[in-house]
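1. no letters, just coordinates:
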């Protein structure tokens with residue numbers, strides 16, 4: 001019997017043992033259950049604390065406001081209902097044997113004596129986030145339902161980015177992927193109701209959160225210290241998106257908005273959304289339906305530069321390439337959700353369905369100064385990228401006295417399809433005048449370019465369709481047994497099993513005009529094209545209507561531009577002359593990954609002051625990867641062989657975890673956590689592919705023997721809280737082993753001596769550490785009008801150290817055979833993707849139906865890529881961004897709103913070693929959304 005079977009049997013034995021114990025225990029006991037809601041709007045209060053006076057016996061409400069206290073001796077009890085920001089309520093109840101008493105409670109907002117109680121969305125959102133955070137048994141940050149509804153951010157990633165310890169990766173100015181505590185998106189897990197979302201990137205494990213609509217969400221949880229009942233592959237943290245359930249009354253929400261993009265002076269942006277819900281059959285059946293459609297202009301101006309060095313100890317840096325790009329991109333997003341939930345006497349069942357689609361239509365025109373090759377290139381790429389995400393999950397919960405049983409099955413499918421990607425390149429050779437000095441930086445290059453369009457001709461065209469499919473199937477069963485010993489000790493034992501199966505497939509092709517083929521086409525159809533020395537002139541493809549005014553805010557001139565429709569006509573007319581580029585075929589792969597997991601944990605509450613949570617998680621991973629191995633020759637790999645390659649791998653991990661929470665006094669607690677977690681290598685790095693080029697003397701390959709990353713995580717947090725807010729400060733320290741990096745080196749012996757080899761390898765050690773400070777407060781204690789102020793601020797400082805693979809060719813030996821010295825090893829630096837400082841400030845104000853918020857985000861410098869030497873590392877520059885949101889109620893159910901993003905017209909950039917050598921610059925301007933919202937409760 002293997003280890004997996006042993007674990008499965010042991011956990012099943014625990015299930016049966018606990019179940020049999022329950023039948024002889026609960027018959028002479030009684031229970032109390034109910035729901036805690038907001039008296040003003042009847043919304044459930046998630047995270048309310050319900051406990052019996054002077055005991056350790058109690059419960060926190062779930063996302064529907066439900067609570068249950070079980071196995072009570074018959075008699076009278078005093079129950080206390082507490083929710084920060086609301087008045088505490090005390091209720092006397094009598095418990096009888098064998099019965100469950102139902103007691104629903106409405107809590108009212110706490111007001112200063114003599115003041116009128118005014119319920120506001122920002123205040124409710126802040127209170128909800130604080131309550132869920134302080135009542136959690138781990139370290140977590142919350143974006144509450146009220147905060148999402150009242151003043152929504154541009155997308156889910158932007159909302160998460162306002163939490164402490166979080167930085168954002170952006171795409172054309174739009175939040176896309178999330179970095180938690182300096183660890184790149186592949187080190188985090190993204191779930192919906194606890195179930196994983198498949199990766200949306202073609203090669204790694206990251207998820208683009210911009211494609212998920214906030215309209216379907218009732219909250220967002222960011223867990224920074226894992227408990228054993230959560231997936232273990234989340235070294236940075238686990239982000240859980242909670243979908244809405246139908247409330248007890250009819251609700252209808254309608255939003256219609258227009259938008260403006262300053263970069264393109266475009267009023268063509270819009271968003272519409274609709275959600276409707278109600279309950280039927282005496283509130284047992286709930287149905288919620290949502291739908292939304294959005295169009296956003298994400299166009300931008302870009303600069304990209306590459307540099308080369310003379311290799312000296314104090315290197316002289318020169319510009320090798322300077323690329324200027326004008327991007328015109330429209331993103332259309334569609335989403336729909338249909339959720340059902342049915343509540344019965346001792347449990348509930350839910351069926352959640354969600355669909356999201358993002359269509360990206362992009363035209364990118366570039367002017368490329370290829371300094372090291374003494375030519376100028378013009379190119380254009382027009383492409384459509386369609387990303388679909390479908391998730392369906394069935395969740396059930398059932399309670400038998402002291403037992404809570406829940407199961408979950410889900411199916412998720414993501415597909416990134418590029419059905420159209422048409423590219424054309426034109427070149428001018430001998431393109432610079434004398435006197436060019438590439439060491440003066442990028443801005444010195446264009447003035448030496450000849451820009452002679454009469455000598456600029458069509459080099460080649462490509463057509464590059466691609467599709468990446470990712471399917472996840474998950475099944476999970478959890479069993480929780482609640483216990484108590486007297487009035488001072490209570491808690492639960494929880495155990496569970498989970499199976500996750502993934503199938504992933506990447507299929508890409510490139511059809512390309514062979515070397516010299518465009519010249520042949522031009523000569524054969526000379527009546528259709530203007531030629532120069534047998535080449536098709538670029539003037540045949542010029543777009544006379546194209547303009548790129550004030551390019552990169554006037555730093556560079558850009559133009560002329562190529563006409564995408566003319567290039568498309570060329571492809572349609574002559575696509576039979578395009579041939580398959582076999583080198584691209586080598587990047588196709590199939591991947592299978594199966595994960596079996598089991599866990600056991602217990603939570604012990606000792607009086608009202610101390611909580612202990614020990615436990616462990618076991619995960620076994622089995623991989624099955626298929627790739628291609630090829631040794632090809634020719635520009636398109638016309639000759640040579642390609643063969644299939646396959647590899648399998650498996651490994652297992654035991655992940656111990658231990659949490660402590662101690663209430664120092666009423667309104668203050670300390671939390672400590674030790675956890676172990678893992679991160680699996682990126683998909684493409686594990687593929688057993690290899691591309692060998694004898695002409696270029698290069699080998700590029702995957703590494704199916706890559707080890708997974710393992711981590712030991714230490715957390716400590718201190719929090720102070722009362723009805724006016726929360727202050728918390730915490731530190732974290734992570735020790736990581738076997739992070740994988742891409743390594744390029746020169747082979748020095750054997751069959752491939754002097755070949756340059758690029759492959760992923762493991763680095764031995766890394767560490768990440770830092771601290772977070774958070775303040776959430778309101779000024780309700782001040783006189784009007786200052787009592788409408790709501791403040792949120794957090795600061796994070798992160799440090800890291802890792803070891804990068806290092807290769808350098810030193811001086812030749814002075815004795816035969818005079819071979820150069822090879823220096824190969826590891827050098828230290830900070831983790832890629834880690835920002836050193838993150839600051840979030842938010843100032844909100846609510847009064848007389850008006851709600852406003854101005855927010856500031858500062859993100860410090862980030863190491864973005866690693867060079868052969870520390871001087872050649874690239875860094876994303878620090879930036880400060882300001883956003884503003886305004887809303888005004890005009891009738892009971894209607895409100896007008898205005899959101900302005902990137903108010904200060906921030907650009908984003910990266911640099912090579914020092915800031916006066918830019919690697920990337922992107923200008924995308926500011927955007928505004930304005931519209932009307934209808935809400936019926």
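-> Sure thing, it's come through. Just so you know, these numbers come straight off a predicted model, no measurement behind them. Residues are numbered from 1 along each chain as shown.
2. ok, residues contacting stretch 616-623?
-> 3-4, 7, 228-229, 232-233, 591-601, 648-657, 678, 680, 686, 704, 708 (C-beta atoms under 8 Å, 6 or more residues apart in numbering). Heads up, the C-betas are built off the backbone N, CA and C, glycines and all.
3. mind running it again at 6 Å?
-> 4, 7, 228, 232, 593-599, 649-656 (C-beta atoms under 6 Å, 6 or more residues apart in numbering).
4. pretty sure residue 375 is touching residue 426, no?
-> No - contact criterion C-beta atoms under 6 Å: residue 375 and residue 426 do not qualify, at 10.5 Å.
5. look at those two and report which has more neighbours.
-> More crowded of residue 375 and residue 426, by other C-beta atoms under 10 Å: residue 426, with 25 against 18.
6. residues in contact with that one?
-> With C-beta under 6 Å, 6+ apart, residue 426 has these contacts: 378, 456, 458, 538.
7. neighbour count and secondary structure added to those residues, as a markdown table?
-> Shown next, in a markdown table, are the contacts of residue 426 (neighbours: other C-beta atoms under 10 Å; DSSP: H, G, I helix; E, B strand; the rest coil):
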| residue | neighbour count | secondary structure |
| --- | --- | --- |
| 378 | 24 | strand |
| 456 | 24 | strand |
| 458 | 27 | strand |
| 538 | 24 | helix |
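8. quick check: the gap between the closest residue to residue 504 other than its chain neighbours and residue 627.
-> Closest residue in space to residue 504, ignoring its immediate chain neighbours: residue 591 at 4.2 Å, by C-beta to C-beta, 6 or more residues apart in numbering. When distance is defined by C-beta to C-beta, to the nearest Å, residue 591 is 9 Å away from residue 627.
9. who's more crowded, these two?
-> Legend: neighbour count by other C-beta under 10 Å for residue 591 and residue 627, higher for residue 627 (24 against 19).
10. beta partners of the more buried one?
-> Beta-bridge pairing of residue 627 under DSSP bridges involves residue 645.
11. pLDDT on stretch 333-353, on average?
-> Averaged across stretch 333-353, pLDDT comes to 93.
12. next: stretch 604-618.
-> Mean predicted lDDT for stretch 604-618 stands at 95.
13. repeat that for stretch 363-370.
-> Averaged across stretch 363-370, the pLDDT comes to 97.
14. likewise for stretch 746-756?
-> pLDDT averaged over stretch 746-756 gives 86.
15. same question, stretch 766-782
-> Per-residue scores along stretch 766-782 average to 94.
16. for the stretch 1-150 of the chain, what spans make up the helices?
-> With helices called from DSSP state H, counting those that start in this stretch, the stretch 1-150 of the chain shows them at 3-23, 121-134, 145-150.
17. I meant the chain, not that one.
-> Using DSSP state H, the helices assigned to the chain run over residues 3-23, 121-134, 145-150, 156-160, 517-524, 564-574, 582-585, 683-686.
18. worst mean pLDDT among the ones you listed?
-> Taking the mean pLDDT of those, helix 3-23 comes last: a mean of 56.
19. ok, the nearest residue in space to residue 660 that is not next to it in sequence - how many residues close by?
-> Closest residue to residue 660 apart from its sequence neighbours, by C-beta to C-beta, 6+ apart: residue 672 at 4.4 Å. A count of neighbours around residue 672, defined by other C-beta under 10 Å, yields 16.
20. tell me the confidence at residue 672?
-> 98.
21. that one contacts residue 716, correct?
-> Yes - counting by C-beta under 6 Å, residue 716 is a contact partner of residue 672 at 5.4 Å.
22. pLDDT weak spots in the protein?
-> 1-27, 111-120, 150-152, 311, 808-814, 816-823 (pLDDT under 70).
23. what is the burial count for the residue nearest to residue 74 when sequence neighbours are not counted?
-> Nearest residue to residue 74, sequence neighbours excluded (C-beta to C-beta, 6+ apart): residue 97, at 4.9 Å. Look at residue 97: counted by other C-beta under 10 Å, it has 13 neighbours.
24. tell me the contacts of residue 97?
-> Counted by C-beta under 6 Å, 6+ apart, residue 97 has contacts 28, 30, 74.
25. could you find the closest non-adjacent residue to the second one?
-> Nearest non-adjacent residue to residue 30, counting by C-beta to C-beta, 6+ apart: residue 95, 3.8 Å away.
26. from residue 65, how far off is that neighbour?
-> 21 Å.
27. ok, the two, which is more surrounded?
-> The neighbour count for residue 95 versus residue 65, taken as other C-beta under 10 Å, is higher for residue 65 (22 against 18).
28. now do the contacts for that one.
-> Counted by C-beta under 6 Å, 6+ apart, residue 65 has contacts 35, 36, 37, 44, 45.
29. and the closest residue to it other than its chain neighbours, how many neighbours?
-> Counting by C-beta to C-beta, 6+ apart, residue 44 is the residue found nearest to residue 65 once chain neighbours are left out, at 2.7 Å. Here the number of neighbours of residue 44 (other C-beta under 10 Å) works out to 21.
30. again with the one 4 residues further on
-> Number of residues near residue 48 (other C-beta under 10 Å) recorded here: 28.
31. ditto for the one 10 residues further on
-> When neighbours are counted by other C-beta under 10 Å, residue 58 registers 19.
32. ok, now the one 4 residues further on?
-> A count of nearby residues for residue 62, using other C-beta under 10 Å, gives 15.
33. do you know how far the closest residue to it other than its chain neighbours is from residue 932?
-> Spatially, and ignoring its direct neighbours in sequence, residue 62 is nearest to residue 46 (6.8 Å; C-beta to C-beta, 6+ apart). Using C-beta to C-beta, residue 46 is found at 29 Å from residue 932.
34. more crowded one of these two?
-> residue 46 (25 against 14).
35. residue 536 contacts residue 460, doesn't it?
-> No - if you go by C-beta under 6 Å, residue 536 and residue 460 don't touch, sitting 10.8 Å apart.
36. these two - which one has more neighbours?
-> residue 536 (24 against 20).
37. so the more buried one bridges to which residues?
-> Taking DSSP bridges, one obtains residue 531 as the residues bridged to residue 536.
38. ok, it - contacts?
-> Contacts of residue 536 (C-beta under 6 Å, 6+ apart): 457, 458, 518, 522, 529.
39. could you redo the last one with a cut-off of 8 Å?
-> 457, 458, 518, 519, 521, 522, 529, 530.
40. isn't the third one up against residue 427?
-> No - with contact defined as C-beta atoms under 8 Å, residue 518 and residue 427 do not form a contacting pair (11.1 Å).
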